[in-house]
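1. What shape does this take:
(2 chains)
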2 protein chains.
Amino acid sequence: MYSELTQDIQVEFEQAFGAQFVTTTAVREHHAQDESAYDKTLPDAVIFARNTEDVIKAVKLCSAYNIPIVPFGAGTSIEGHILPIHGGITLDLSEMNKVLSVDDQDFTVTVQPGVLRHQLNEEIRHTGLYFPIDPGANASIGGMVSTRASGTTAVRYGTMRENVLSLKVVTADGELIRTSSRAAKSSAGYDLTRLFIGSEGTLGIIVEITLKVYPVPEEIVAAICAFPTLEDAVNCTVMIRQSGTQIGRVEFLDSNAIRAVNGYSHLGLKEVPTLFFEFHGSASGIQEQIELIKELAKECGGSDFEWASKTEERNRLWTARHNAYFASLQLRPNSRSITTDVCVPISSLAQCVSETAADLAGLPFPWTMLGHVGDGNFHVLMMIDPHNESEREQAEAFNQRLVRRAIAMDGTCTGEHGIGIHKMEFLKEELGEPVIDMMRRIKHAFDPKNILNPGKVFSWNK
Amino acid sequence: MYSELTQDIQVEFEQAFGAQFVTTTAVREHHAQDESAYDKTLPDAVIFARNTEDVIKAVKLCSAYNIPIVPFGAGTSIEGHILPIHGGITLDLSEMNKVLSVDDQDFTVTVQPGVLRHQLNEEIRHTGLYFPIDPGANASIGGMVSTRASGTTAVRYGTMRENVLSLKVVTADGELIRTSSRAAKSSAGYDLTRLFIGSEGTLGIIVEITLKVYPVPEEIVAAICAFPTLEDAVNCTVMIRQSGTQIGRVEFLDSNAIRAVNGYSHLGLKEVPTLFFEFHGSASGIQEQIELIKELAKECGGSDFEWASKTEERNRLWTARHNAYFASLQLRPNSRSITTDVCVPISSLAQCVSETAADLAGLPFPWTMLGHVGDGNFHVLMMIDPHNESEREQAEAFNQRLVRRAIAMDGTCTGEHGIGIHKMEFLKEELGEPVIDMMRRIKHAFDPKNILNPGKVFSWNK
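-> Numbers count the residues shown, from 1 in each chain, chains lettered A, B, ... in the order given. This is a model prediction of the structure:
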């Protein structure tokens, strides 16, 4: 179906890209794996794009020779998104890492796709603005757009879906398009911006992103609260959501996760189900929220309510949450994590979490549970030995049960990680073949040769 | 290209729909015009759908005989969206007007497309929840989805884009699909929900909508403030936005618009540029906001700051704003309005408004200016004599200059009204032919016979 990267074709790429075209094993290996538990899959070559013209050139060459092209940002995805499973070229965008403009009157920034999340916030710090979306990993903005990422602050600021104003995209024909103006809202035709967000590199290659940014809150206060049971913690979150209060973050860690972060970050947190909060606003607004949440937590059996307004103290608490992924991996040296990502309507969350906890009992590997419970989204991290087929199978079987549980509750198999190659079957179960076929029609219309990150999200043929 | 509705075909429709299939002139006339200034265009027949099965049946028959089908809600659109310009069937959805479920724990409701905005809020009032999106007109929810509507509260709650969770849609093949689960967020494949939002009936017929709803704010306070000039009022809005405060509504009316509402609603407002505010939240939170806004207004020369917390007083103020459209029409009996809808980045708003006001001087018909300035969106209403070609031409020429001004400022020709038949050329100017062609590819892939509301948004052929 695809062409090999023959000697002749390689020469063309070398002439076009010089030292930016790399075929060494070391570099190919570096682009062979994301944070998922999949084995390495090496691309035939890597191109390091430095600008939009490079991207256009690369796409046009790949189109001319029918060679797959897989965009690559920071490699922090966890569903196998960037694995070049049909070979071909990996297009590394990490050198396209400039913040192109900061429009501080409009609260927008325009960046290249390789800009990293932390870098963006460093570079705009002097403006008093920040980009709040926080998926945990120091992902690239292009990658975050491509997976429709969200994370700990979605409960307040929404996901990438709500925070991208406009995109520049190189299409499969090598044409550069811009999906919309920089107006805050628009009814100008089909919402191509939203179509590219979450399309996982299968519809075009994003080369420029205009994002919303926000004034750094006047005050930020962090808090934690311990609960007797999983259900109590989740119920507290549901009550907070239902109060309508606009909390900055609300995160759940189960006792296993607390044990992991205690070990990793040298903390002495009580090893019980725990909620982490962050409040954003004016001093008096925050005080009002804290009083409300203290009361709700108490109703749900919460105790040891502790809060911190000083940056240092806040960071200490939240670093624990932020390191939970790596802390969990440390529970078992040399393990890799299979991570679930269901999201359910919040009215079903307590039941879903509770049934899931029961289902986890008896699995032969360490696991932790944590998540963005304010959105109904939570993760189970299963630390498997990647060389042990039985463990992998048990973890996948558990994930399948969990996904089916979530779908039965009118939830989704993925709240924020995306489909990649890992959840293609789940996507079918969730939405049904006719819906997949609508997506497929778009893919066929936009990328008739199927060169853009092929084999991801859904199959090319019915 | 399309079939006529021959006697034989009519018989088939009559057999399928009985009394729901209507060809009387009176009913066809009632579906021949929206709130735009276009002349009437009659459909060949109207089908009153009562349920999803009716919609499927109608689409399948239209597909079989190659007959255009135009969905119709409340007829409040203003760009000619629902004009059956290629003849065929108008599918009236106003009898599909049930609120199907209220999930008060999840803050979601599921409704049929013919449910009207006011009706929805009446029906869910007892739950303490409400649907805040307010485009002015008592539009149908299906229509609001189809035009990606927004209005006075978008500054706080976003647009239909941010407030629809999931859709059920009948495709051009007559297949019923559901675009997503009811989870608050999801990364499950392409964002078909957002693709249908704003597609103006050209990609499928929406038969069920799951919306976000919100707790009725603890307190609501309304306020108005008079300003010496247009620019002062707009600058005040920009400063409010930049303060990061989350105001419920902030609306601008120029002195002509105030004169119109004074006449229409028997008010005695000072006939100068005026901002209308609404604050949502706790009593103390609102007090904080009012203090801030008073201060900012003062800095911009604002005076006569007046506020009202009692429902009756609030309604009196806001009814003035809500009636501005009809009040403007009353400035000239038997006129129709050509209404502009640009939206620009807020940093350019003062300049755009100011240049636009200068451009309006000397036009031979009454006009008013008002809008959702917190989003950078404003409207000019030009009350033309619909039988006077010269007035129509002058109004359209003015609109063209305004759109070009907005596009030059990286804004859009339509913040919330949509394209319909009125702005197809502007859409091309704004986004360029390659972007239109991406939209066209989707249209061709979803509706290969071009039966769904044909001739809208962009042309079928390049």
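2. So which bits of stretch A:120-134 are buried?
-> A:120-121, A:124, A:129, A:131-134 (16 or more other C-beta atoms under 10 Å in any protein chain shown). For glycine as for every other residue, the C-beta is placed from the backbone atoms N, C-alpha and C.
3. among those residues, which are in helices?
-> Using DSSP state H, A:120-121, A:124 are the members of the buried residues of stretch A:120-134 that sit in helices.
4. ok, so of these, who is nearest B:Phe17?
-> Distance to B:Phe17 across those (C-beta to C-beta) is lowest for A:Leu120, with 56.4 Å.
5. Get me the contact residues on the stretch 1-150 of chain A for chain B.
-> Residues of the stretch 1-150 of chain A found near chain B (C-beta under 8 Å from any C-beta of the partner chain) are A:103, A:105-108, A:147-150.
6. Number of residues surrounding the residue lying closest to A:His81 once chain neighbours are set aside?
-> Spatial nearest neighbour of A:His81, excluding adjacent residues (C-beta to C-beta, 6 or more residues apart in numbering or on different chains): A:Gly420 at 4.1 Å. For A:Gly420, the count of nearby residues is 25 (other C-beta atoms under 10 Å in any protein chain shown).
7. Export the buried residues of stretch A:120-134 to CSV and append columns for pLDDT.
-> As requested, these are exported to CSV (pLDDT from 0 to 100):
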residue, pLDDT
A:Leu120, 98
A:Asn121, 98
A:Ile124, 98
A:Leu129, 95
A:Phe131, 98
A:Pro132, 97
A:Ile133, 97
A:Asp134, 94
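8. Quickly name whichever of the residues you listed is closest to A:Glu219.
-> Among these, A:Pro132 lies closest to A:Glu219 (C-beta to C-beta), at 15.0 Å.
9. That closest one: what's it in contact with?
-> A:153, A:156-157, A:214 (C-beta atoms under 8 Å, 6 or more residues apart in numbering or on different chains).
10. What's the ChimeraX syntax to select whichever of these are buried?
-> Of the contacts of A:Pro132, the buried ones go into a single ChimeraX selection, burial set by 16+ other C-beta under 10 Å:
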select /A:153,156,157,214
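11. Can you show me the strands along the stretch 101-250 of chain A?
-> With DSSP state E, counting those that start in this stretch as the criterion, the stretch 101-250 of chain A has strands at A:108-111, A:129-130, A:164-170, A:176-178, A:205-212, A:214-215, A:219-226, A:249-253.
12. Ranking helices and strands of chain A by mean pLDDT, which lands last?
-> One helix or strand of chain A scores below all others by mean pLDDT, DSSP states H and E: helix A:311-322, with a mean of 85.
13. Need the residues that contact that one.
-> Under the criterion C-beta under 8 Å, 6+ apart, residues A:136, A:152, A:220-222, A:224, A:251, A:253, A:261, A:265, A:267, A:269, A:276, A:278, A:308, A:327, A:370 lie in contact with helix A:311-322.
14. repeat that for 10 Å
-> Here helix A:311-322 makes contact (C-beta atoms under 10 Å, 6 or more residues apart in numbering or on different chains) with A:134, A:136-137, A:151-152, A:220-224, A:249, A:251-253, A:257-258, A:260-262, A:264-267, A:269, A:274, A:276-278, A:306-308, A:310, A:327, A:370.
15. Name the residues of the helix or strand following that helix that are buried.
-> Remark: after helix A:311-322, the chain's next helix or strand is helix A:324-330, criterion DSSP states H and E. Using 16+ other C-beta under 10 Å as the test for burial, helix A:324-330 gives A:324-325, A:327-329.
16. Check whether helix A:324-330 comes near chain B.
-> No. Residues of helix A:324-330 are not located near chain B by C-beta under 10 Å from any C-beta of the partner chain, the shortest gap being 17.2 Å.
17. Outside of that helix itself, list whatever touches it.
-> The contact list for helix A:324-330, computed with C-beta under 10 Å, 6+ apart, reads A:35, A:76, A:78, A:136-137, A:251, A:253, A:256-265, A:267, A:276, A:320-321, A:323, A:335-337, A:339, A:366-371, A:379-383.
18. redo that, cut-off 8 Å
-> For helix A:324-330, the surrounding residues in contact (C-beta under 8 Å, 6+ apart) are A:136-137, A:253, A:257, A:260-261, A:263-265, A:320, A:335-337, A:366, A:368, A:370, A:381, A:383.
19. Got the phi and psi for A:Glu291?
-> The phi and psi torsions at A:Glu291 (degrees, to the nearest 10) take the values phi -60, psi -50.
20. Could you say which helix or strand holds A:Gly263?
-> Assigned by DSSP H and E, A:Gly263 belongs to helix A:255-265.
21. other SSEs contacting the helix or strand following that helix?
-> Once helix A:255-265 ends, the next helix or strand along the chain (criterion: DSSP H and E) is strand A:274-281. When contacts are defined as 3 or more C-beta pairs under 8 Å, 6 or more residues apart in numbering or on different chains; DSSP states H and E, strand A:274-281 packs onto strand A:219-226, helix A:230-243, strand A:249-253, helix A:283-299, helix A:311-322.
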